[in-house]
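Engineer: return atomic coordinates for the entry below.
(chains A and B)
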Number of protein chains: 2
Amino acid sequence: MATKKSIGIDLGGTNIACALVEDGKLLHKVSIPTRAKEGKEYVFNAIFEAIESILAQTNTSKEEVEGIGIGVPGLVDIDRGVVKLAPNLFWEHVPVKEIIEKKFKLPVAVDNDANAAALGEVLNGAGKGNNDVVCITIGTGIGSGLIINGKIHHGLNGGAGEFGHVTVKEDGPLCNCGNQGCLETLTSATAIANEGMKILKASKTSILAQFVTEGQPLGAKEVFLAAEKGDKECKEVIEQACKSLGMALANVVNLLNPQQIIVGGGVSHAGDALFRPLTKWINHYSLDILNKDLSVDPAQLGNDAGIVGAAGLIN
Amino acid sequence: MATKKSIGIDLGGTNIACALVEDGKLLHKVSIPTRAKEGKEYVFNAIFEAIESILAQTNTSKEEVEGIGIGVPGLVDIDRGVVKLAPNLFWEHVPVKEIIEKKFKLPVAVDNDANAAALGEVLNGAGKGNNDVVCITIGTGIGSGLIINGKIHHGLNGGAGEFGHVTVKEDGPLCNCGNQGCLETLTSATAIANEGMKILKASKTSILAQFVTEGQPLGAKEVFLAAEKGDKECKEVIEQACKSLGMALANVVNLLNPQQIIVGGGVSHAGDALFRPLTKWINHYSLDILNKDLSVDPAQLGNDAGIVGAAGLIN
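Structural biologist: Model (predicted):
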């Protein structure tokens, strides 16, 4: 089978990353600022220019391209290719598929960015060839994309994968969504950094203080570093965060019995310091018969996962 | 399309229910004791006799039957039709598909009983025509079957749907599985009855005492009845049980964004006394955008769901 090329676009609140993709590999990529505040038309023109520049620079004709896939940070009506709501872009009911198809006369597919990233990891990343995968991203918040039977699972309203808002602690910290104890309030980079701030406030002589750069905000990274250097309080913060995430993921394991859990996003760069306790807690809280063949792995494609997956929406 | 008939079997620890099914409807049903303690051979002979009796009594020839589907209370290797483990039957690695196919020379499909019940409700019960359904059964324990994209979701080891063992309360009651705070320890009929026993012990003049029949064990039903008659402590037990279940189901809603949640099993007969608080807590703990079109409904097929679903495994 001759593989055909597709265009994959990861439309973020800050940047638009766009690439020509063949067989899950990026051939040529451009990245430009989104400038969503300039308005919808500005953003679409930027997308059009990015696509045209890629085609020109790779000497690719439109006929060689199978279609254009785009991942958007919001809720998407998959069948119609309409972005129902994307707060970071200030978009409501934007017919993305129609607008881009009209311009390029090529098939266009639109999906949520976390879903696209999950598909990317399954097409050519940490989950290559796997059919039942839970792909989570831990950054400022926590998102997820579910691959079930080899396909993105969307659910009734196209909103499946709101893993950051599963309740882990009935009376836990207040979440932006209005509920208490959402996973996001316990294990996101923000949550870990907040706990680090408390440690710093309580004692300026803690190991953590050594990792603070003057004028820089404290991040989850510094808490992980201090924990590795033996800071007991930071160790406890990491352990608790991994326990909460492990419990939430174990619940997913008990429910879906997936092959693999892929963890991406900033916090995943902590490596073993994250994956060792996380795997321990997943195994603790899930049934042995369901976790015995499970693998828990770091994402491989980084920021390119969304582009690879977006291009994969076309096949 | 001419619909063909299938045989559906619900193999339980106590009874074997077996019926000729056409278009999701039972044409003729027989129910016989399982007597699993007599051994595997005894059980299979009972199944063979039940099938032959149904064919004879309905004047149906084997050629008119498309196949035989069977739901088993255990872990099943779906592809090979082997029951890997069924504690209630004392079975380990039993090649059910092979044994029944050899006898009747008809296609045989085997699945877990909760999965078969979920499929039954979707084929001809409360979820008729729906594609994304979570079907839970609340009895002595809590089980579930997931219908995703119109099909039973099995997961890697065929063990998906262990909803009774999702952790709801980190330091909750000890569960048979070895963990603490599993949903099953908080909302099953057993859990509700246990709370009722505590109320009775503390006060013999409580309203609940009026519902106790001499020599009969206290059940969840009596706790629901006393709550309806105004027993404050029983009301609190029901409210807490619904809150735990609602939270666990809300987590599933946030993850999978299903169309429908179907609730069956003994506790579901409580009707509004269960469904009203349950729906309130599901909505409380899940995102509005994911619960706004969700329906939460009682199962319709009762004990026949497993037979209808088992027959449906063949299509």
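Engineer: helices along the stretch 201-315 of chain A, start to end?
Structural biologist: Using DSSP state H, counting those that start in this stretch, the helices assigned to the stretch 201-315 of chain A run over residues A:220-228, A:232-256, A:272-285, A:288-291, A:305-312.
Engineer: most tightly packed of these?
Structural biologist: For those, average neighbour numbers computed from mean count of other Cβ atoms under 10 Å in any protein chain shown are highest in helix A:305-312, which has a mean of 31. No exception for glycine: its C-beta is placed from N, CA and C like everyone else's.
Engineer: tell me the domain boundaries of chain A?
Structural biologist: Following automatic domain parsing, chain A resolves into domains at A:5-123+A:304-312, A:129-299.
Engineer: among these, which is nearest B:I7?
Structural biologist: domain A:129-299 (27.3 Å; Cβ to Cβ).
Engineer: can you list the helices of the stretch 201-315 of chain A in a markdown table and add mean pLDDT?
Structural biologist: Formatted as a markdown table, those follow (pLDDT from 0 to 100):
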| stretch | mean pLDDT |
| --- | --- |
| helix A:220-228 | 95 |
| helix A:232-256 | 97 |
| helix A:272-285 | 97 |
| helix A:288-291 | 95 |
| helix A:305-312 | 97 |
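Engineer: which parts of chain A are strands?
Structural biologist: With DSSP state E as the criterion, chain A has strands at A:5-11, A:15-22, A:25-33, A:65-72, A:75-77, A:82-86, A:91-94, A:108-112, A:133-138, A:142-148, A:151-152, A:260-264, A:295-298.
Engineer: format those strands as a markdown table; extra columns: mean neighbour count and mean pLDDT.
Structural biologist: A markdown table is the format used below for the strands of chain A (neighbours: other Cβ atoms under 10 Å in any protein chain shown; pLDDT from 0 to 100):
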| stretch | mean neighbour count | mean pLDDT |
| --- | --- | --- |
| strand A:5-11 | 27 | 97 |
| strand A:15-22 | 22 | 96 |
| strand A:25-33 | 15 | 96 |
| strand A:65-72 | 25 | 97 |
| strand A:75-77 | 22 | 94 |
| strand A:82-86 | 19 | 94 |
| strand A:91-94 | 16 | 96 |
| strand A:108-112 | 25 | 97 |
| strand A:133-138 | 28 | 96 |
| strand A:142-148 | 27 | 96 |
| strand A:151-152 | 18 | 96 |
| strand A:260-264 | 25 | 98 |
| strand A:295-298 | 18 | 98 |
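Engineer: nearest to B:E52, of these?
Structural biologist: Here strand A:142-148 is closest among the strands of chain A (Cβ to Cβ), at 39.4 Å.
Engineer: list the contacts for whichever residue of the stretch 51-200 of chain A sits closest to chain B?
Structural biologist: For the stretch 51-200 of chain A, the residue closest to chain B is A:G155, as judged by Cβ to the nearest Cβ, at 2.5 Å. For A:G155, the contacting residues are B:132, B:256-258, B:290, by Cβ atoms under 8 Å, 6 or more residues apart in numbering or on different chains.
Engineer: that one and B:Q259, how far apart?
Structural biologist: According to Cβ to Cβ, to the nearest Å, A:G155 and B:Q259 sit 8 Å apart.
Engineer: now do A:E101
Structural biologist: Distance, A:E101 to B:Q259, by Cβ to Cβ: 29 Å.
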